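Visitor: Next comes the sequence, and after it the predicted model I'd like to discuss.
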Amino acid sequence: MTKKSQAALEFIMTYGWAILVVLVAIGALAYFGVLSPDKFLPAKCTMQAGLACIDHKATATSLKIIVKNSLGYDITVTDIKAQQCTAQTGLSISVANGGNLDTTASTCVNSGSKYNGQVNITFTTPSDYGGLSHTNAGQVTTRIE
């Protein structure tokens, strides 16, 4: 009876040591940041239909976005608001159909290693199309460089 108990105990101890080694290895990888999900963060910039986000870049003090006008007509951008950044209001930037809007939201307070915020671009349509004001909302998720 004691031989069977000893064999069972040795069998369980062997698996116990193997599991302990695996847990220590996973703990070491997590401690040194190898398993950090921020390293695998996809960079994306999405806008509502009509305006396409071509490129973007976030730093500790600014957020730069390049947006393409795909509405089918010229627009005049009046406001640009990015989360955690100072809003740019009272603008009058004309963007032709198919043209790019290159804007930088400065005086941002980006903390941490990633930027995840909403961007709102307010524009007016030409008088031929009603001359109304619209707000196009978008989302930017990227690493801070």
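Guide: That came through fine.

Visitor: Just name the shakiest helix or strand of the protein by mean pLDDT.
Guide: Using mean pLDDT, DSSP states H and E, the weakest-scoring helix or strand in the chain turns out to be strand 100-106, at a mean of 82.

Visitor: How far away from the center of its chain is it?
Guide: Counting by CA atoms, centre = their mean, to the nearest Å, strand 100-106 is centred 17 Å from the centre of its parent chain.

Visitor: same deal with stretch 119-137?
Guide: Using CA atoms, centre = their mean, the distance between the centre of stretch 119-137 and that of its chain works out at 25 Å.

Visitor: Now residue 57. Nearest residue, chain neighbours left out?
Guide: Leaving out its chain neighbours, the residue that sits closest to residue 57 by CB to CB, 6 or more residues apart in numbering is residue 64, at 4.7 Å. C-beta here means a position set from N, CA and C on the backbone, and glycine is covered the same way.

Visitor: Let me see the contact set for that neighbour.
Guide: With contact set as CB atoms under 8 Å, 6 or more residues apart in numbering, residue 64 has these partners: 56-58, 102-105.
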